[in-house]
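Q: Sequence plus the predicted model coming up.
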Protein chains: 2
Amino acid sequence: MITPSGIRDWPPENAWRKRYIENILVKLFQSWGYEEVITGTLEFDNVISKGLSENEKSQLYRFFGREGEILTLRPDMTTPIARFTATHLKNKTFPLRFFYTGNVFRYEKIQAGRYREFFQAGVELIGAESSLADAEIIILASRALEKVGVKDFRIGIGDIQLLNLVLELCELEYYGKEQLRKAIAEKDYVSVKALINKLKNESQSSYIQLLEKLSNIYGPDDFIKEFSRFETCLVIKNRLTVLKNIITLLETADLKDRIIIDLGITRDFQYYTGIVFEIYSPYIGFPICGGGRYDNLLNNFGFKCPATGFAMGIERVLLVLEKSGKLPKLEYKKCLVVGGDFKKIFQRAEELRSRGFFVEVELEEKDEKELKEYAKSKGINYIEVVN
Amino acid sequence: MITPSGIRDWPPENAWRKRYIENILVKLFQSWGYEEVITGTLEFDNVISKGLSENEKSQLYRFFGREGEILTLRPDMTTPIARFTATHLKNKTFPLRFFYTGNVFRYEKIQAGRYREFFQAGVELIGAESSLADAEIIILASRALEKVGVKDFRIGIGDIQLLNLVLELCELEYYGKEQLRKAIAEKDYVSVKALINKLKNESQSSYIQLLEKLSNIYGPDDFIKEFSRFETCLVIKNRLTVLKNIITLLETADLKDRIIIDLGITRDFQYYTGIVFEIYSPYIGFPICGGGRYDNLLNNFGFKCPATGFAMGIERVLLVLEKSGKLPKLEYKKCLVVGGDFKKIFQRAEELRSRGFFVEVELEEKDEKELKEYAKSKGINYIEVVN
């Protein structure tokens, strides 16, 4: 092996597609008032570890710097942007709308479609606590997928607060609760079912029926129907109001048919505190996009401020486009300019470039047959001889 | 400190400028027939170390991977692209023209304008050994600077082969030669002068006068005049022919006035083998751009193939633009859409976005005064109320 496992090179056709997709996303994000920020690839371990579970920490690329400090390669962009905002931008007018495109690093088990260095594009909406903000993020993520050519997707919406409420209301003992939470986070439905059956017998709570609803997935209307009979409980009612509100807003953006409600969505990162979501395509087995509300993360850096955002996996988007036959196609007009006089070649090449052609000049003399073969193998449509 | 030394965040105005500059470069590189490649940020230490001097190796970010392998963060893009080409692309039709934009890492002493993670854009022209290839690279680098708004620059051209020839012909003993080479590489002209004076007395070679020319900088015509009297020596004559040829080609591209010949240019990386160059601006004390020929580097990965290329420092370009008052200016039409009905707000916002506006929607209610203050502090030109 000449490259580290999970680290990948992008040949020209792939790199072109990546840039094409990212350019579309950048334009879209800007048109929604989002501005780009860039943070360093290296962070202090104790900065990045804020908001991560033990399991997530175990996936960090970690090493000692020369002054003995522990450095990490960022595993996502949300924590670095939260750090940057809390420490350098807190005197700005909020909300702040930020976007990014960048590479992140996670020491994952190598499997198909997973890399240890991979690319994300995403946004963070910082300083807005309204449901409108949650809805904006989900709508923008959907628009982003539509724009890049992903047509067939579903949006799974969860709510960390409602999930926690249910777990509290059922008065489970600590160990059982944590086991259940872990099984839900890992989407291990077999264990979830088994645990719920066991816990049902142990708990006296009148909310125990709610537990069973955790491993189900609902359409928006069914969800409201199923949960509304627990609205006698005020805290449940309040969260249902939030969720209903968001569903209504998404309906306005013509997204209702795409929505499923799944309280089992907890996302990879432990910093989420409210509405969370994942976007799925039938073409791949993991979410293309995910995000949610993280109202406590900035406070870890001394600045109390609500926030929400999402990240989209560029490799995953490309995989979906490939599998659905929607990969963008390069349509360049490529020319080769040849001849004996460099001045003439150079001037003609510059002229063609200014007219939008992609123009190579010949660097080493070839005969006619060689030229034709060269042009063919390079996808050059047009050879111009200047004399 | 909350970020590692030498690692930098880019607030929106800087990130916007970086993307603006990179987009111009990408378009230019493509119009010259160059295609993008992307390589991983992490490389094996024994891959990257090929072609580096001891001093350069000492600047690597190095750490152990989980299987005990030594990993590095890439200090430049040339070696990774050489590795990628030699191992995966050698069956393609050559020459290959590649470009990249990316971040690189060097453990440098922290000083003004220097970072340990910084951004480069550049090209590699692989599989062409003609002087035309050397000239193409230098012309493209110049065009790139012109396109991004750097007007006032000088191109310093050196030749590793001619430098080595002079050092050989003077029949210096090993230690003196290496001392001189080091002083030249470090641009320590005081030591160069002292060493030359010392060596002059020790050497019997008739070429000893050539040594004195190493620490001088010449216009192209003067250079040819000064060196032509050594053309009785065939090897010198051959290299002068190459240099003359390149000067003529650059003249064709209207670059003659920008050229200086400086055999003291040896560049940071030890892999250079022929024509090398650096581009300087009067506004900053280090080259904005540099590159040259590296005919042996791919052979380190088992594929004998000549190559040349350059890298441009994005931070340095931005610094020059700032100091010369030429920073690109954001000229966005920013709107804020407000009102009581989300459906109407959302539709109007989408309409304005499709017409090229950058449109925020109001997420939390504000009164008229607050709205005006908000718009002012965000540079929003236009507030639209929909009801």
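A: The structure has been received and is ready for your questions. Numbers count the residues shown, from 1 in each chain, chains lettered A, B, ... in the order given.

Q: For the helix or strand where A:Leu132 lies, list the C-alpha coordinates in PDB.
A: For A:Leu132, the enclosing helix or strand under DSSP states H and E is helix A:131-148. Extracted as PDB, the C-alpha positions of helix A:131-148 are listed here (Å, rounded to 0.1, in the frame of the first residue of the first chain):
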ATOM      1  CA  SER A 131     -38.900  26.600  14.600                       C
ATOM      2  CA  LEU A 132     -38.500  28.700  11.500                       C
ATOM      3  CA  ALA A 133     -34.800  28.200  11.800                       C
ATOM      4  CA  ASP A 134     -35.100  24.400  12.100                       C
ATOM      5  CA  ALA A 135     -37.400  24.500   9.100                       C
ATOM      6  CA  GLU A 136     -35.100  26.700   7.100                       C
ATOM      7  CA  ILE A 137     -32.200  24.200   7.600                       C
ATOM      8  CA  ILE A 138     -34.300  21.200   6.500                       C
ATOM      9  CA  ILE A 139     -35.700  23.100   3.500                       C
ATOM     10  CA  LEU A 140     -32.300  24.300   2.500                       C
ATOM     11  CA  ALA A 141     -30.900  20.700   2.700                       C
ATOM     12  CA  SER A 142     -33.700  19.500   0.500                       C
ATOM     13  CA  ARG A 143     -33.200  22.300  -2.000                       C
ATOM     14  CA  ALA A 144     -29.500  21.500  -2.100                       C
ATOM     15  CA  LEU A 145     -30.200  17.800  -3.000                       C
ATOM     16  CA  GLU A 146     -32.700  18.800  -5.600                       C
ATOM     17  CA  LYS A 147     -30.200  21.300  -7.200                       C
ATOM     18  CA  VAL A 148     -27.400  18.800  -7.500                       C
END
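
Q: Would that helix count as contacting chain B?
A: Yes - using Cβ under 8 Å from any Cβ of the partner chain, helix A:131-148 reaches chain B at A:Leu132, A:Ala133, A:Glu136, A:Ile139. C-betas here are computed from N, CA, C, even on glycine.

Q: Output the residues you listed as TSV; include the columns distance to A:Pro12, neighbour count and pLDDT.
A: Converted to TSV, these look like this (distance: Cβ to Cβ, whole Å; neighbours: other Cβ atoms under 10 Å in any protein chain shown; pLDDT from 0 to 100):
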residue	distance to A:Pro12	neighbour count	pLDDT
A:Leu132	42	20	96
A:Ala133	40	23	97
A:Glu136	36	26	98
A:Ile139	34	20	98
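
Q: In the helix holding A:Leu132, which residues are buried?
A: A:131-145, A:148 (16 or more other Cβ atoms under 10 Å in any protein chain shown).

Q: So which of the residues of helix A:131-148 next to chain B is the closest to A:Asn164?
A: Of all these, A:Ala133 has the smallest distance to A:Asn164: 20.4 Å, by Cβ to Cβ.

Q: OK, contacts around that closest one?
A: A:Pro95, A:Leu125, A:Pro306, A:Thr308, B:Leu363 (Cβ atoms under 8 Å, 6 or more residues apart in numbering or on different chains).

Q: any idea how far it lies from A:Glu124?
A: 11 Å (Cβ to Cβ, to the nearest Å).

Q: what is in contact with those two at once?
A: By Cβ under 8 Å, 6+ apart, the residues touching both A:Ala133 and A:Glu124 are A:Thr308.

Q: re earlier: which among the contacts of A:Ala133 end up buried?
A: A:Pro95, A:Leu125, A:Pro306, A:Thr308, B:Leu363.

Q: Having no further points to raise, I will conclude here.
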